[in-house]
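Trainee: here is a sequence with its predicted model. Questions after.
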Amino acid sequence: MTSLQNTKIKAIFFDVDGTLFSFKTRSIPESTTKAIKDLRKKGIKVIVATGRSVNDLDHIKHIEFDGFLTFNGGHCTTVDGQVMFRKVIDPVDIRNLIEYSHRSDVSFSLMYEDKVRISHESPRVLELYSHVDIPVPPLYDKEDVDIENVLQVNVFIDSEVEETFMREVMPNSLSSRWTPLFADVNPGGISKLGGIEYFCEYFDIDMSETMAFGDGGNDISMLRSVKIGVAMGNAGDNVKEIADHITEDVDDHGIEKALIHFGLLDRTS
């Protein structure tokens with residue numbers, strides 16, 4: 001671990017739900033807010049890395065960040081809204097999903113740059129939006145659905161059928177999961193790792209100078225690839241297995257403690 005502690009870190013990527021944001025308190029711990037401010041004062045870039053859209057981040061925008069990696073890497077922007085990267089889901093897969101929903105009870109969310117639309121208000125859909133504290137979006141227009149500009153889909157299926165569903169319904173896309181409720185579906189080739197690579201190029205930072213925090217399955221690609229990948233104490237076992245370091249839960253100052261552990265923060269004074 002000594003070699004990791006001596007690493008020069010220039011950029012840190014933070015997942016949101018379960019990492020920055022606590023589901024228990026529905027807020028960001030004050031220790032985390034202060035830690036991010038202190039990192040930026042030291043010249044370290046601090047970048048959001050989330051499955052959410054940039055329009056679903058009002059609950060963390062009281063903190064200053066250096067960029068937004070959203071839709072699991074499918075849409076990356078600077079703080080002033082400059083789009084660095086954008087990739088939509090293959091319209092064939094969206095059409096397949098809609099047709100499949102007509103003969104099944106599957107529910108889903110279609111996520112765009114500026115809006116989210118849902119198939120119907122199923123119990124799982126209502127549970128999700130209550131869980132993340134976001135108003136339930138309106139239904140999509142079945143007569144005039146925009147299938148050309150979908151950046152991400154949430155499909156409310158069980159993990160046991162996920163592989164078969166993706167192969168048969170959305171073969172040009174890939175899925176990841178941070179909750180048993182649903183799978184995030186993104187364009188093929190998209191991941192948080194890919195988004196990190198765009199930010200590294202933009203800020204002229206090497207991957208060996210990066211760190212990331214996460215707790216869900218959609219964080220695995222970035223935690224594996226940065227120099228220091230930190231799993232939150234509340235992370236799933238599959239995330240902890242690939243992390244360089246496991247810190248405390250989000251509610252037990254996990255981010256601050258890990259940053260102190262690696263010498264990026266000093267709280268002795």
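Mentor: Okay, I see it.

Trainee: so what sits opposite the nearest residue to residue 86 once chain neighbours are set aside in the bridge?
Mentor: Closest residue to residue 86 apart from its sequence neighbours, by CB to CB, 6 or more residues apart in numbering: residue 75 at 5.2 Å. In short, each C-beta sits where N, CA and C put it, glycine included. Going by DSSP bridges, residue 75 is paired in beta bridges with residue 70, residue 86.

Trainee: contacting residues for residue 75?
Mentor: 53-54, 83, 85-87, 113, 151 (CB atoms under 8 Å, 6 or more residues apart in numbering).

Trainee: ok, 7 Å please
Mentor: 86, 113, 151 (CB atoms under 7 Å, 6 or more residues apart in numbering).

Trainee: repeat for residue 185
Mentor: Applying CB under 7 Å, 6+ apart, we find residue 185 in contact with 152-153, 155, 170, 173, 175.

Trainee: recalculate using a threshold of 8 Å.
Mentor: Counting by CB under 8 Å, 6+ apart, residue 185 has contacts 89, 93, 152-155, 166, 170, 173-175.

Trainee: what's the answer for residue 110, then?
Mentor: Applying CB under 8 Å, 6+ apart, the residues near residue 110 are 94, 116-118, 140, 145-146, 150, 153.

Trainee: buried subset of those residues as a ChimeraX selection?
Mentor: ChimeraX command restricting the contacts of residue 110 to the buried ones, with burial defined by 16 or more other CB atoms under 10 Å:
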select :94,116,117,118,140,150,153
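
Trainee: which of the contacts of residue 185 sits closest to residue 181?
Mentor: Closest approach between those and residue 181, by CB to CB: residue 154, at 8.5 Å.

Trainee: and stretch 215-235, how far apart are its ends?
Mentor: Terminal residues of stretch 215-235 lie 4 Å apart, using CA to CA, to the nearest Å.

Trainee: how about that stretch, which residues are buried there?
Mentor: By neighbour count on 16+ other CB under 10 Å, the buried set for stretch 215-235 is 215-223, 225-235.
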